[in-house]
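> build me a model from this:
(4 chains)
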Number of protein chains: 2
Amino acid sequence: MARPRKFDEVRAVDAAMEAFWAAGYEATSTQDLCDATGLGRSSIYNTFKSKHDLFERALARYMERKNGELTEFLDDDTRTARQKLRGILQRIIDEEFTRHPDGRGCLVVNTAIEVASHDAPVAAALERDYGVRLEMVRAVIERGQRDGDIAADRDSRTLAHLLIAAIGGIRVSARAGVDRAALESVADATLTAF
Amino acid sequence: MARPRKFDEVRAVDAAMEAFWAAGYEATSTQDLCDATGLGRSSIYNTFKSKHDLFERALARYMERKNGELTEFLDDDTRTARQKLRGILQRIIDEEFTRHPDGRGCLVVNTAIEVASHDAPVAAALERDYGVRLEMVRAVIERGQRDGDIAADRDSRTLAHLLIAAIGGIRVSARAGVDRAALESVADATLTAF
DNA sequence: CCAATTTTGTACTGATCCATCCAAAATAAA
DNA sequence: TTTATTTTGGATGGATCAGTACAAAATTGG
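Take a look at the predicted model:
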């Protein structure tokens, strides 16, 4: 009994995500969000409480998408645990150098650096997401330990923290101008610790 | 034959550095810079071309300071090469958790993530700085290899890239809420690869 | 067709953005 | 003291910021 929406809310969040991903939180204006989503200001403020609220939704969507892709990758059991861990790092490198040559990096890492320390709810979301990824990686490592693929005497939780730190490290280095070959050697060297 | 300056330019750059470090480039307004330096707008714009120019100076000063501290640390030869590498990581962790509990992190990492991809001169500065740090770390590693402290059959350049990536990874993880004990175990595990 | 309800486009708010302008103040050389 | 030069404070510029107000448009139930 009212005028229906002309747009898809999920698609709007996706478009906002792309905008925040490309430019960062501060540098993305509400006008940029209107342009990216194709919506007017009224539609945006009628649907989302604020720029910040839209950012939280966009960030959640990004995490959901990325963790979904990771789950899918890890569920393919044609690879050993070790190959899976190396594959995780390779995918990061590929993403940094080919998928997005404009250097937008990873929205989670960008957010951890740019906004987490000034924004408690965002920091909490990042912490939850870290926990999710930690458990995913830890499960792979423990499987590798049972298979004899990874040394069983090492703490799986620590190794999982190490792998996730390697992801962040590779991403930071990529932004600092380190070339692809060097980062692949870093990925190989990291696996040496497993 | 003219009115002299009432302020010290270097101190002004230091103050600006603190401001950018605490809030990031975009979130630091020119008014914030006036407040932090204690200067009026005229003095700032008379001394520096723009906010961006002042940022480049502040970033250069940060790099100079941090690399100086690192040189000082590495020049103390009461430690083995391995202990030095572990010490580098420990200092990062200490800084993240105690020196600046407000979570400002590292200006170089923050800049790599927030501005490098949109700003060529800043990206170039980061790349140069990375090269400087790479050589410093590599020198330590090669010394360790000569001393039998570090496996001599590994590529020193790769290991140096790995150590620097570990720094970035630890910093990103710290911002994502990972606790100190976990990061220290990550530092230990990283050294396992050497 | 009418009434009720929601979305949408546009105009607008006051604040803040980075930067410039200009004249008063301060100093050194003449 | 005068003159030349530079710094400084404060006002100002136009643009943009996040967010709101409001009425026209669009739809469904009556």
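> residue numbers of chain A in contact with DNA strand C?
Along chain A, the residues adjacent to DNA strand C under the rule C-beta under 7 Å from any atom of the strand are A:1-7, A:39-43, A:46-47. Every residue, glycine included, has its C-beta placed from N, CA and C.
> from the residues you listed, which single one is nearest chain B?
Using C-beta to the nearest C-beta, the shortest approach to chain B within the residues of chain A next to DNA strand C belongs to A:Arg41, at 21.5 Å.
> mind listing what A:Leu191 touches?
The contact partners of A:Leu191, taken as C-beta atoms under 8 Å, 6 or more residues apart in numbering or on different chains, are A:Arg82, A:Leu85, A:Arg86, A:Leu89.
> just the element for the last one, please.
Per DSSP states H and E, A:Leu89 falls inside helix A:81-94.
> which helices and strands sit right next to that helix?
Counting by 3 or more C-beta pairs under 8 Å, 6 or more residues apart in numbering or on different chains; DSSP states H and E, the packing neighbours recorded for helix A:81-94 are helix A:51-75, helix A:120-146, helix A:156-175, helix A:180-191.
> give me phi/psi at the residue most central in space within chain A?
Centrality entry for chain A: nearest residue to the mean C-alpha point is A:Val108, 4.7 Å, by C-alpha atoms, centre = their mean. As for A:Val108, its main-chain torsions (degrees, to the nearest 10) stand at phi -70, psi -50.
> circling back to that earlier point, nearest to DNA strand D, out of the helices and strands packed on helix A:81-94?
In terms of C-beta to the nearest atom of the strand, the element of the helices and strands packed on helix A:81-94 nearest to DNA strand D is helix A:51-75, at 3.5 Å.
> show me what counts as buried in the closest one.
Of the residues in helix A:51-75, A:51, A:54-59, A:61-63, A:66, A:70, A:74 count as buried by neighbour count, 16 or more other C-beta atoms under 10 Å in any protein chain shown.
> kindly reformat the contacts of A:Leu191 as a markdown table containing pLDDT, neighbour count and distance to B:Ser29.
Rendered in a markdown table, the data for the contacts of A:Leu191 read as follows (pLDDT from 0 to 100; neighbours: other C-beta atoms under 10 Å in any protein chain shown; distance: C-beta to C-beta, whole Å):
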| residue | pLDDT | neighbour count | distance to B:Ser29 |
| --- | --- | --- | --- |
| A:Arg82 | 97 | 16 | 49 |
| A:Leu85 | 98 | 27 | 44 |
| A:Arg86 | 98 | 19 | 45 |
| A:Leu89 | 98 | 21 | 39 |
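> from those residues, pick the one nearest DNA strand D.
Sorting the contacts of A:Leu191 by distance to DNA strand D puts A:Leu89 at the head of the list, at 34.7 Å, by C-beta to the nearest atom of the strand.
> which residues does the closest residue in space to the closest one that isn't next to it in sequence contact?
If the residues on either side of it in the chain are set aside, A:Leu89 comes closest to A:Ala187, at 3.9 Å by C-beta to C-beta, 6 or more residues apart in numbering or on different chains. Counting by C-beta under 8 Å, 6+ apart, A:Ala187 touches A:Arg86, A:Leu89, A:Gln90, A:Ile93, A:Ala166, A:Ile170.
> same thing with A:Leu85?
A:Val137, A:Val140, A:Ile141, A:Gly144, A:Leu163, A:Leu191, A:Phe194.
> the closest residue to the fourth one other than its chain neighbours: how many residues sit nearby?
The one in question is A:Gly144. With sequence-adjacent residues excluded and distances taken as C-beta to C-beta, 6+ apart, A:Gly144 is closest to A:Ala81, at 2.7 Å. Neighbour count for A:Ala81, taken as other C-beta atoms under 10 Å in any protein chain shown: 22.
> do A:Leu162 as well
Using other C-beta under 10 Å, A:Leu162 has 29 other residues around it.
> roughly how far does it sit from DNA strand C?
In this structure, A:Leu162 lies at 39 Å from DNA strand C, with C-beta to the nearest atom of the strand, to the nearest Å as the measure.
> contacts only, for that residue.
Shown in contact with A:Leu162 (C-beta under 8 Å, 6+ apart): A:Thr190, A:Ala193, B:Val186, B:Ala189, B:Thr190.
> now the first one: closest residue in space, sequence neighbours ignored.
The shortest distance from A:Thr190 to any residue that is not its chain neighbour, by C-beta to C-beta, 6+ apart, is 4.6 Å, and that residue is A:Ala166.
> re the thing from before, what is the distance between the helix holding A:Leu89 and the centre of its chain?
In terms of C-alpha atoms, centre = their mean, to the nearest Å, the gap separating the centre of helix A:81-94 from the centre of its chain is 14 Å.
> rewinding a little: nearest to DNA strand C, of the contacts of A:Leu162?
The shortest approach to DNA strand C among the contacts of A:Leu162 belongs to B:Val186, at 36.0 Å (C-beta to the nearest atom of the strand).
> give me the pLDDT for the closest one.
Model confidence at B:Val186, given as pLDDT, is 98.
> shaky segments in chain A?
Counting by pLDDT under 70, chain A has low-confidence residues at A:1, A:3, A:99, A:101.
> how about 90 then?
Applying pLDDT under 90 to the predicted model, the residue ranges of chain A that meet it are A:1-8, A:98-103.
> what does it have sitting close to DNA strand D?
By C-beta under 7 Å from any atom of the strand, the residues of chain A that approach DNA strand D are A:1-4, A:28-32, A:41-42, A:45, A:50-52.
> same thing but at 6 Å, please
Of all the residues in chain A, those in contact range of DNA strand D (C-beta under 6 Å from any atom of the strand) are A:1-4, A:29-31, A:41-42, A:45, A:50-52.
> max pairwise distance over those: which two?
Greatest spatial distance among those (C-beta to C-beta): A:Met1 and A:Ser29, at 35.4 Å.
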